[in-house]
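> generate a structure from the sequence data that follows.
(one chain, ligands or ions: 1)
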Amino acid sequence: MKFTKMQGLGNDYVYVNCLEETVEHPAETAVKVSDRHFGIGADGLILIKPSEKADFEMEMYNADGSRGEMCGNGIRCVAKYVYDYGLTDQTQISIETLGGIKYLDLTVEEGKVRQVKVDMGSPILEAEKIPIIGLGDRVLDAPIQADGMEYHITGVSMGNPHGVVFLEDVKNLKIEQVGPLFEHHGCFPNRINTEFVHVLDRQTVEMRVWERGSGETLACGTGACAVAVACVLNGLTEEEVTVKLLGGDLLIQWDRRQDRVYMTGPAKVVFDGVWPDA
Ligand SMILES: N[C@H](CCC[C@H](N)C(=O)O)C(=O)O
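Residues are numbered from 1 along each chain as shown. All right, here's what the predicted structure looks like:
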């Protein structure tokens, strides 16, 4: 199986061009290729497929083989792949996902995509659609117990589920202990991606993320969008926020009049390869 390893702010996936390749058992393949010792090493697997509704389709799997409805860093890399590898010559493209069709603007320099702006759509705030149970119809700074501690969480879906927790210190957070408690908490029927956020000022936040199905990653695009929405809803920032992640910065804008969230960031190719055990 031919693949391309790509990363968006260090959130790295194995990408397969399924216009040419066939992946029979993607969930199992995701687990195998994601292993950072016995496999290629990645946060998961992303299939690039033809679509009848959009220019392409993105099918995304976490490192544990679970399906993600949407992936922000991943969709930027899909855009880079389809342009740089000659599947399209358009700099405005649409990509079908389980979280709906997304529209992307590609910034090209010297024939390569350098930056991608994604219309991530409207945030979903109704608890039952995230889904979150037992914390009210909308989850806005709601108290939740985890590990005998009380946290406050704001629930946002960007097609995939997110819980945003504001803290004074995220650098010293023991995320490998706390993250799984949220991921597997009874309030989240489909599990959840949890973002731990420290607000620096009204235009800047820093965050770490414990991703559903992949653990701590260096960046999470949908998570950064959920964070910006949660910051605005809690009155903590303006509608345009620089989100500082371990792997770098994303610019997020929530245009509340249109109710659209825009994410702008990079996408990089690491290497091309062949996986023998597909
Ligand atoms: N773990 C996420 C999918 C990947 C999201 C993240 N890598 C991004 O860039 O949005 C989920 O299960 O919903």
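
> and the residue of the chain most remote from its centre, how far from Arg202?
Taking CA atoms, centre = their mean, the residue of the chain most remote from its mean C-alpha position is Gly148, at 28.7 Å. Distance, Gly148 to Arg202, by CB to CB, to the nearest Å: 33 Å. The way it works is simple: take the backbone N, C-alpha and C, and place the C-beta from them, glycine included.

> also Asp169?
Going from Asp169 to Arg202 by CB to CB gives 19 Å.

> tell me which of these two has more neighbours.
Taking other CB atoms under 10 Å, Asp169 and Arg202 do not tie; Arg202 has more neighbours (13 against 8).

> list the contacts for the more buried one?
If you count contacts by CB atoms under 8 Å, 6 or more residues apart in numbering, Arg202 has them with 236-238.

> who in the stretch 101-250 of the chain is up against the ligand?
160, 193, 211-214, 217, 220-223 (CB under 6 Å from any ligand atom).

> 5 Å instead?
Applying CB under 5 Å from any ligand atom, we find that the stretch 101-250 of the chain lies next to the ligand at 160, 211-213, 220-222.

> quick one: which of the residues you listed is most hemmed in?
Cys220 (35 neighbours).

> residues near the closest residue to that residue other than its chain neighbours, how many?
Nearest non-adjacent residue to Cys220, counting by CB to CB, 6 or more residues apart in numbering: Val209, 4.2 Å away. Counted with other CB under 10 Å, the neighbours of Val209 add up to 30.

> Lys244 now?
Number of residues near Lys244 (other CB under 10 Å) recorded here: 17.

> so who does Glu168 touch?
By CB under 8 Å, 6+ apart, the residues touching Glu168 are His198.

> and it, its phi and psi?
The phi/psi pair for Glu168 (degrees, to the nearest 10) reads phi -80, psi -20.

> ok, it to Val156 distance?
21 Å.

> in the stretch 151-278 of the chain, where is pLDDT below threshold?
Along the stretch 151-278 of the chain, segments meeting pLDDT under 70 span 278.

> where do the helices sit along it?
For the stretch 151-278 of the chain, the helices defined by DSSP state H, counting those that start in this stretch cover 175-183, 221-233.

> so of those helices, which one's packed in deepest?
Most buried of the helices of the stretch 151-278 of the chain by mean neighbour count (mean count of other CB atoms under 10 Å) is helix 221-233; its value is a mean of 28.

> as CSV, could you dump the C-alpha coordinates of it?
Extracted as CSV, the C-alpha positions of helix 221-233 are listed here (Å, rounded to 0.1, in the frame of the first residue of the first chain):
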residue,chain,number,x,y,z
GLY,A,221,-7.8,21.5,14.5
THR,A,222,-11.4,20.8,15.4
GLY,A,223,-10.3,21.1,19.1
ALA,A,224,-8.9,24.6,18.4
CYS,A,225,-12.2,25.6,16.8
ALA,A,226,-14.1,24.3,19.8
VAL,A,227,-11.8,26.2,22.1
ALA,A,228,-12.4,29.5,20.2
VAL,A,229,-16.1,29.0,20.4
ALA,A,230,-16.0,28.1,24.1
CYS,A,231,-13.8,31.2,24.8
VAL,A,232,-16.3,33.5,23.1
LEU,A,233,-19.3,31.8,24.7
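
> fine, thanks again, bye for now.
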